[in-house]
Each structure stands twice: as structure tokens, then as C-alpha cells.
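A.B. asks: Please find the sequence and the predicted model below.
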Amino acid sequence: MHKIHLEETTTALAREQAAMTAKNTEITSALEDGVLKLDSDLNLELQASQAAVETSVNSVYSKQERNTIKIQQAKQEAARLKTANREAYIDQKRALFAHATAVQNANDAALLVAQQKIAEKNQAIEDNFREGRFIKNQLRTANGPRTEVSDLKTQSCTTDQFFNTKCTDVDYDDAAFAAGARTDAIRTEAAAVDTAIFAERQSNVPR
């Protein structure tokens with residue numbers, strides 16, 4: 001009885017051992033095919049994933065390099081524009097200073113010309129006044145002391161048939177020298193008197 005039970009147990013253990021061995025072989029084969037081999041599905045998937053990661057990393061590095069280059073180019077462009085703007089500002093400032101200097105020089109030259117003309121006119125006026133004063137002084141000196149208007153006389157001359165000339169003193173009309181004699185009417189009248197005197201003298205000169 002015990003022997004039969006032992007044989008059955010041994011047979012059952014042998015079956016279980018065979019099943020375990022087969023299962024172990026199956027697992028080992030699946031592990032080798034799916035994981036351990038270089039061309040296993042897991043390795044192929046890992047390789048594909050690694051390749052994707054490397055591609056992504058390379059893309060990130062490339063993008064970073066491009067961004068770095070762009071930033072550097074932007075800095076260089078900003079520096080160039082800053083220099084160009086600075087040069088343009090200096091040129092504009094220099095042009096404004098040059099224009100202001102030219103305008104100031106032109107104004108100074110015009111002012112100098114105007115001052116010279118004014119000085120020449122003032123000098124001419126002063127010379128005329130000086131000449132007038134000199135002439136008046138000469139006339140005053142040459143004519144002797146002043147004569148009152150009431151004492152002014154002229155001569156009225158006549159010539160007879162024998163060409164004898166006789167002159168008599170005649171008083172001037174004092175009204176011609178009254179106050180206001182500087183008016184145009186008085187000047188005209190005085191000129192007429194002078195003309196008449198000159199004509200009279202010319203007519204009384206012996207021929």
C-alpha cells in the first residue's frame with residue numbers, strides 16, 4: 001500500500017518536475033528571445049527609444065547653438081546700430097554747430113558792415129558839421145562883427161547917358177528878416193531878393 005502510494009507520489013513529483021522544467025525552459029527561452037538577445041524586442045525598443053532620445057538631445061543642442069548664434073548676432077547688430085546712431089548723432093551735432101557758427105559769423109559780419117556804415121555816416125555828418133562850423137567861423141571872421149538886421153543896407157545904382165554911375169544906399173525891408181524867416185515862403189522871398197540884387201548889379205555894370 002505504501003509502495004503504491006510512494007510510486008504515485010514519485011510519478012506526480014516527476015510530472016510536476018517535468019512541468020517545472022518545461023516552464024523554466026519556456027521562461028528562459030522567452031527571456032532570451034525578448035530581453036537578453038541583442039535583437040530582442042526589448043533591446044530593439046530600447047535602441048529605438050535611445051535613438052529617439054539622442055535625436056531629441058541633438059535637436060535641443062542644435063537649437064541651443066542656433067539660439068546662441070542668434071543672440072550673439074543680435075548683440076553684434078545692436079552694437080553696430082548703437083555705433084551708427086552715435087556717429088549719426090555726432091555728425092548731426094557737428095552739422096548744427098557748424099550751421100550755428102556760420103550763422104553767427106554771417107550775423108557778426110553783417111553787424112560789422114552795418115556798424116562801419118553807421119560810423120561812416122556819423123563821421124560824414126560830423127565832417128559836414130565841422131566844415132559848416134569852419135565855414136561859418138571863416139565867414140564870421142571875414143565879414144567882421146555882426147550887423148543888426150535894421151542896419152543892413154544895399155545899393156541902388158543908376159547910369160546916365162555919359163555912363164556915369166551913381167549909387168545910393170537903400171535899407172533892406174526888415175520884415176524879410178523877421179521871426180519865421182526860415183519858412184518856405186520867406187526863403188522864396190529872400191531868394192527873389194537875392195536874384196533881384198544880382199540882376200540889378202549886372203545891369204549897372206558899365207559895358
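C.D. replies: That came in fine, so what should we check first?

A.B. asks: For residue 172, grab the count of nearby residues.
C.D. replies: 15 (other C-beta atoms under 10 Å). Just so you know, the C-beta spots here come from the backbone N, C-alpha and C atoms, and that holds for glycine as well.

A.B. asks: For residue 188, see how far away it is.
C.D. replies: Separation of residue 172 from residue 188 (C-beta to C-beta, to the nearest Å) stands at 16 Å.

A.B. asks: cool, and residue 170?
C.D. replies: Note on residue 170: its distance to residue 188, by C-beta to C-beta, is 21 Å.

A.B. asks: Where do the strands of this protein begin and end?
C.D. replies: Ranges of strands within the chain are 153-159, 165-171, based on DSSP state E.

A.B. asks: For the first one, buried residues please.
C.D. replies: If I follow you right, that is strand 153-159. For strand 153-159, a neighbour-count test (16 or more other C-beta atoms under 10 Å) marks nothing as buried.

A.B. asks: Ok, the last one next?
C.D. replies: Neighbour-count burial for strand 165-171 flags no residue at all (criterion: 16+ other C-beta under 10 Å).

A.B. asks: Find me the pLDDT at residue 191, would you?
C.D. replies: Looking at residue 191, its pLDDT reads 69.

A.B. asks: what's the answer for residue 108, then?
C.D. replies: Residue 108 carries a pLDDT value of 92.

A.B. asks: if I look at it, how far off is residue 122?
C.D. replies: Between residue 108 and residue 122 the computed distance is 20 Å (C-beta to C-beta).

A.B. asks: now swap in residue 46 and tell me
C.D. replies: With C-beta to C-beta as the criterion, residue 46 and residue 122 are 111 Å apart.

A.B. asks: go on, residue 112?
C.D. replies: For residue 112, the distance to residue 122 (C-beta to C-beta) stands at 15 Å.

A.B. asks: And for residue 192?
C.D. replies: For residue 192 relative to residue 122 (C-beta to C-beta), the value is 37 Å.
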